[in-house]
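A.B. asks: Provide a 3D model corresponding to the input given below.
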Amino acid sequence: MCQIPCTELYLHQGPVLSKHKIINDPIYGFIEIDDPLLFRIIEHPYFQRLRRIRQLGMTDLVYPGAIHSRFHHAIGAMHLMRKAISVLRSKQIQIDKEEANAALAAILLHDIGHGPFSHTLEGLIVPMAHERISLALMEELNKEFNGQLDLAISIFQNTYDKKFLHQLVSSQLDMDRLDYLTRDSFYTGVSEGIVGLERIIQMLNVVNDQLVVEEKGIYSIEKFIVARRLMYWQVYLHKTTLAADAMLLNILRRVKENPAKALDTPVSDSLRYFIENNTSSDGNGIPSEALKHFVRLDDHDLIAAIKSWISAKDEILSFLCEALINRKLFKVKMFKESPNDSMKNEVVARLQEQFDFISSESEADYLIGTGSVRNEAYADNGPIDILMKDGSLLDIAQASDNYSITALRTQVEKYYFCTVK
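C.D. replies: Purely as a prediction, here's the structure:
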């Protein structure tokens, strides 16, 4: 059994699937849950926590509809995985029932390691990527499920013989990306993110144990790559979202550097744990005590704490929290090159003059956000190979006659500087 106490509220044997369960998804319609293991995963407290983790962090401050959760996304990705497996089986790709269920479990659990506000605070609460935390939680669940997730974990880690199953979970063209582009486009109302996912899935095939796309799907792949680029600039890297993210990061940074002042107001026990402890890997992954608190932590802990910190004696913390809660966001400027020091010096001087509680450059830093963002529409996580009619394989950049696809291989970097208006 898992040693993490949060499962004490969970029945020893887990829920029993007496019949097919149906989830009504606003994008795909009815999604069927017909396997007891998948049902146990979904009903487990670790997975139910994803209902309380927003998919897009602070993006609802730009697009008010973007309040969908990681739970939505994981269920949707599982649905697309089932469709992809069905298509591949129809093309005589051998995937037995055990492998299919393991792939479904792997995609269902691929984001279970996300913390509050998803990517916004990744690496700050626990200094490691969410994939590593996902693996740690999958291993804990596997103990509880008596080894039923062995194959799913193998697929997740890309150690299973059939490599294309891992590619369906994590690759340049996986079910994760197909769902989040479609879902994020739906909830933000940004139509540029819409992709032809039905056609893409129908054109999937496997050659030499690698996931490929048949030539008839080439235009859908072109649109997928362009849509991904547009969604990054319009949604994921939107400048106002960057400002909100910077403010949230500065709040957490201020709290961790001055915990005594922050903890004189009520916060949850698990948030208190991470404020008071600098959690790091013990060489074998996340320590068990940290993992115990992590699975109790979600967006609500942070939102409640930020509202509480408005009354904190720390004036810098109070100012930031009040501004974020009431959407008085930093003003952002974007640059093609990193801004020089003179800009920051001018801002620091203005902030010291404007606010009595800012007496030094180090304090002014909490009212400033800087950094860079990169957009790689088609440059990471392996190629997308096109299966030509003559049986040859070509990278999409070679197979396409759309020159912009080749151009999208180039990483575009922009710099931002934001501060109080």
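
A.B. asks: any idea whether Tyr416 is helix, strand or coil?
C.D. replies: Taking DSSP: H, G, I helix; E, B strand; the rest coil as the rule, one finds Tyr416 in the strand state.

A.B. asks: I'd guessed it sits against Phe335; true?
C.D. replies: Yes: counting by C-beta atoms under 8 Å, Phe335 is a contact partner of Tyr416 at 7.3 Å. In this view, the C-beta of every residue, glycine as well, is placed from N, C-alpha and C.

A.B. asks: who's more crowded, the two?
C.D. replies: More neighbours surround Tyr416 than the other of Tyr416 and Phe335, with 20 against 13 (other C-beta atoms under 10 Å).

A.B. asks: need the contact list for the more buried one.
C.D. replies: 239, 242, 332-335, 369-373 (C-beta atoms under 8 Å, 6 or more residues apart in numbering).

A.B. asks: now with 6 Å?
C.D. replies: Tyr416 sits next to 242, 332, 334 when contact means C-beta atoms under 6 Å, 6 or more residues apart in numbering.

A.B. asks: and if you look at Gly115?
C.D. replies: Taking C-beta under 6 Å, 6+ apart, one finds 121, 125 in contact with Gly115.

A.B. asks: Next up, identify which helix or strand it is on.
C.D. replies: Under DSSP states H and E, no helix or strand contains Gly115.

A.B. asks: Please determine how far it is located from Glu257.
C.D. replies: 19 Å (C-beta to C-beta, to the nearest Å).

A.B. asks: And for Tyr187?
C.D. replies: Distance from Tyr187 to Glu257, by C-beta to C-beta: 35 Å.

A.B. asks: Looking at the two, which is more packed in?
C.D. replies: Shown here are Tyr187 and Glu257; by other C-beta under 10 Å, Tyr187 has more neighbours (22 against 11).

A.B. asks: these two touch, right, that one and Ala66?
C.D. replies: Yes: at 5.1 Å, Tyr187 counts as touching Ala66 under the criterion of C-beta atoms under 6 Å.

A.B. asks: Is it correct that Arg409 falls within a strand?
C.D. replies: No: counting by three-state DSSP, Arg409 is not found in a strand; it is coil.

A.B. asks: three-state assignment of the closest residue to it other than its chain neighbours?
C.D. replies: Nearest residue to Arg409 in three dimensions, chain neighbours excluded: Ala379, at 5.2 Å (C-beta to C-beta, 6 or more residues apart in numbering). Here Ala379 is recorded as coil under three-state DSSP.

A.B. asks: For Ala379, give its distance to Gly123.
C.D. replies: For Ala379, the distance to Gly123 - C-beta to C-beta - is 22 Å.

A.B. asks: Name the residue in the two with the higher neighbour count.
C.D. replies: Neighbour tally, Ala379 and Gly123, criterion other C-beta under 10 Å: the higher count belongs to Ala379, 15 against 11.

A.B. asks: Tell me the spacing between the more buried one and Asn402.
C.D. replies: As judged by C-beta to C-beta, Ala379 and Asn402 stand 16 Å apart.

A.B. asks: Filter the contacts of Tyr416 down to just the ones in helices.
C.D. replies: Judged by DSSP state H, helices contain the following of those: Leu242.

A.B. asks: Could I get the contacting residues of Gly217?
C.D. replies: Here Gly217 is in contact with 200, 203 (criterion: C-beta under 6 Å, 6+ apart).

A.B. asks: let's go with 7 Å and repeat that
C.D. replies: Going by C-beta atoms under 7 Å, 6 or more residues apart in numbering, Gly217 touches 199-200, 203.

A.B. asks: got it, and Leu211?
C.D. replies: By C-beta under 7 Å, 6+ apart, Leu211 lies in contact with 164, 167-168, 171, 204.

A.B. asks: What separation do you get for the residue of the chain most remote from its centre and Ser359?
C.D. replies: In the chain, the residue that sits farthest from the middle, by C-alpha atoms, centre = their mean, is Glu353; the gap is 39.3 Å. Going from Glu353 to Ser359 by C-beta to C-beta gives 11 Å.
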